[in-house]
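Student: Provided below are the primary sequence and the corresponding predicted coordinates.
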Amino acid sequence: MEARAILKYARISPRKVKIVLDLIRNKPANVAMAILDNTPKSASEYLKKLLASAIANAENNNGMDKNKLYVAQCFATPGPTLKRIQPHAQGRAFKILKRTSHITLVVKEMED
């Protein structure tokens with residue numbers, strides 16, 4: 001039995017999100033939330049909300065015990081890239097790629 005939460009089109013690069021996801025993978029949900037509270041990365045704000053949502057989904061939709069949950073799976077895939085230009089000297093244009101992410105977080109109940 002599993003519960004998942006998905007965040008699409010997050011305005012953060014998947015590379016930055018994966019660094020924080022590696023910290024919480026296979027950790028109990030309450031430990032993962034504590035790690036996200038104390039991680040000074042911009043991705044941790046997105047992931048804190050996403051983990052809270054996954055825990056709520058597990059509790060309300062699947063009737064799981066929130067004290068037995070752990071982060072079973074988490075990954076970030078690239079979403080669409082917003083392409084912008086920055087004017088540079090002598091009429092040149094510098095390309096700016098504003099990357100987006102689709103983040104998926106799956107929680108499961110620990111077996112006793």
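Tutor: Alright, I've got the coordinates.
Student: ok, longest helix in this protein?
Tutor: For the chain, the helix that runs over the most residues, judged by DSSP state H, is helix 43-61.
Student: how about the strands in this protein?
Tutor: Read by DSSP state E, the chain holds these strands, from start to end of the chain: 2-10, 69-78, 82-87, 93-98, 101-109.
Student: Which of the ones you listed has the highest mean neighbour count?
Tutor: Per residue and on average, the most neighbours among the strands of the chain fall to strand 101-109, with a mean of 21 (mean count of other C-beta atoms under 10 Å). For every residue, glycine as well, the C-beta is placed using N, CA and C.
Student: Can you give the strand pairings for that strand, parallel or anti for each?
Tutor: Here the strand partners of strand 101-109, with direction, are listed using DSSP bridges: strand 2-10 (antiparallel), strand 69-78 (antiparallel).
Student: if I pick the residue nearest the centre of the chain, what's in contact with it?
Tutor: Central residue of the chain (C-alpha atoms, centre = their mean): L47, 4.1 Å from the mean position. Listed by C-beta atoms under 8 Å, 6 or more residues apart in numbering, the contact partners of L47 are 17, 20-21, 24, 36, 103, 105.
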